[in-house]
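>>> With the input below, show me the fold.
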Amino acid sequence: MAYAEFGDFEPEFTSCEKSKIVILPVEYDHTSTWIKGSEKGPSALLEASKNLEFYDIETDSEVYKRGIYTDHPIRGFIRPEEMVQAVYDRVREHMADDKFCVCIGGEHSISIGAMMAHCEKHPEATIVQFDAHSDLRDEYHGSEYNHACVMARGRELGPVVQIGIRSMDVEEKGSADFESIFLAKDIYNNTAWIDRMVSLLSENVYVTFDLDCLDVGIMPSTGTPEPGGIGWYTALEALRAIAQNSNIVGMDISELCPNPVNKAPDFLAAKLLYKMITYKFEL
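So this is what the prediction gives:
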């Protein structure tokens, strides 16, 4: 069976053996609680990626020449713990082959297995979360692997920095560490926060980017759209600072819930992924 690939590259840049970068689609959307459809996010992102320009003006580079292999998707799971285990196993396999692994979802719970695998190899790694929601519930709707519990699981693995937060439950407030949370309202039209954010990072960093972190004007296609998000250049400035000051060991993008009438958010997600990879390898 043929699977969609990231980009539209010559075969020499897409083979598993020769590629440094692996894209792992995770088609999962069983714990989301509002708008369904994020299981279609990976295929929408991959399809949109074929329309990117693969020369990056900012860094004067073409990161795809390091090789970008798109693995066959993880799909078919219903129970979140089974999906998490499948992601963990697959990411570990790629890491054992010295690949840089990028997961694309799917709802945000797809990140848990990837974080587990990376933090197992890099125990002191900081997890940097871009998100509208704090995701600090210990369990939700009977599961500790619900999309609302992602960073509760992340905090069990290592230090966490949260960027763009503007929504949380009152129960989460009691366990939140506001010294490492950068609320969206506090970083609006302000760049001073980035230096403080960088000061909280360890040598190694894992980046998890929930697309609802972004303003709904540029990213309406999510399962839980929240007003007041950060802009494109704010996100890029933060990501660039992370890449310049720490070693990004892995990353994921989640929560693209595609709208067949509006393809622009699909393209944004694809471009964001390419920019994140570019910052990792070309800065």
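
>>> From the contact counts, what lies against the longest helix seen in the chain?
With DSSP state H setting the assignment, residue counts place helix 264-282 as the longest helix in the chain. If contacts are counted by 3 or more C-beta pairs under 8 Å, 6 or more residues apart in numbering; DSSP states H and E, helix 264-282 sits against strand 21-26, helix 41-49, strand 100-105, strand 204-210, helix 232-245, strand 247-254. Glycine gets a C-beta too; all of them are placed from N, C-alpha and C.

>>> Show me the helices in the chain, by range?
41-49, 80-96, 111-121, 150-155, 170-173, 184-187, 192-199, 232-245, 264-282.

>>> May I see those organised as JSON lines, with distance to Tyr3 added?
Converted to JSON lines, the helices of the chain look like this (distance: least, C-beta to C-beta, whole Å):
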{"stretch": "helix 41-49", "distance to Tyr3": "9"}
{"stretch": "helix 80-96", "distance to Tyr3": "14"}
{"stretch": "helix 111-121", "distance to Tyr3": "19"}
{"stretch": "helix 150-155", "distance to Tyr3": "26"}
{"stretch": "helix 170-173", "distance to Tyr3": "37"}
{"stretch": "helix 184-187", "distance to Tyr3": "36"}
{"stretch": "helix 192-199", "distance to Tyr3": "36"}
{"stretch": "helix 232-245", "distance to Tyr3": "27"}
{"stretch": "helix 264-282", "distance to Tyr3": "16"}
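
>>> In a markdown table, list the ones you listed along with mean neighbour count.
A markdown table is the format used below for the helices of the chain (neighbours: other C-beta atoms under 10 Å):
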| stretch | mean neighbour count |
| --- | --- |
| helix 41-49 | 25 |
| helix 80-96 | 19 |
| helix 111-121 | 24 |
| helix 150-155 | 23 |
| helix 170-173 | 12 |
| helix 184-187 | 16 |
| helix 192-199 | 13 |
| helix 232-245 | 18 |
| helix 264-282 | 21 |
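
>>> Out of the ones you listed, which is closest to Asp131?
helix 150-155 (7.8 Å; C-beta to C-beta).

>>> which ones are touching the residue nearest to Ile248 when sequence neighbours are not counted?
Spatial nearest neighbour of Ile248, chain neighbours left out: Lys280 (4.8 Å); criterion: C-beta to C-beta, 6 or more residues apart in numbering. If you count contacts by C-beta atoms under 8 Å, 6 or more residues apart in numbering, Lys280 has them with 100, 243, 248, 251.

>>> ok, back up a step: now the angle between strand 247-254 and the longest helix of the chain, please.
Calculated by axes from the mean of the first three to the mean of the last three C-alpha atoms, to 10 degrees, helix 264-282 forms an angle of 170 degrees with strand 247-254.

>>> Report the beta-bridge partner residues of the nearest residue to Asp131 once chain neighbours are set aside.
Nearest non-adjacent residue to Asp131, counting by C-beta to C-beta, 6+ apart: Asp210, 4.1 Å away. On the basis of DSSP bridges, Asp210 is bridged to Ser254.

>>> I'd like to know how far Asp210 sits from Ala152.
Distance from Asp210 to Ala152, counting by C-beta to C-beta, to the nearest Å: 14 Å.

>>> low pLDDT regions in this protein?
Scanning the chain with the threshold set as pLDDT under 70 gives 1-2.

>>> so what's the residue lying closest to Gly105 once chain neighbours are set aside up against?
Closest residue to Gly105 apart from its sequence neighbours, by C-beta to C-beta, 6+ apart: Ser254 at 3.7 Å. Shown in contact with Ser254 (C-beta under 8 Å, 6+ apart): 38, 41, 103-108, 110-111, 208-211.

>>> residues touching the residue lying closest to Cys16 once chain neighbours are set aside, list them.
Among residues not flanking Cys16 along the chain, Tyr69 sits closest, at 4.6 Å (C-beta to C-beta, 6+ apart). Listed by C-beta under 8 Å, 6+ apart, the contact set of Tyr69 reads 14-16, 19, 21-23, 99.

>>> What remains of those residues if I keep only buried residues?
14, 19, 21-23, 99 (16 or more other C-beta atoms under 10 Å).

>>> can you redo these as CSV with distance to Ala235?
Formatted as CSV, the buried ones among the contacts of Tyr69 follow (distance: C-beta to C-beta, whole Å):
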residue, distance to Ala235
Thr14, 27
Ser19, 26
Ile21, 20
Val22, 23
Ile23, 19
Lys99, 25
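
>>> Quick check: the farthest pair among those?
Most distant of the buried ones among the contacts of Tyr69, by C-beta to C-beta, are Thr14 and Lys99, 13.2 Å apart.
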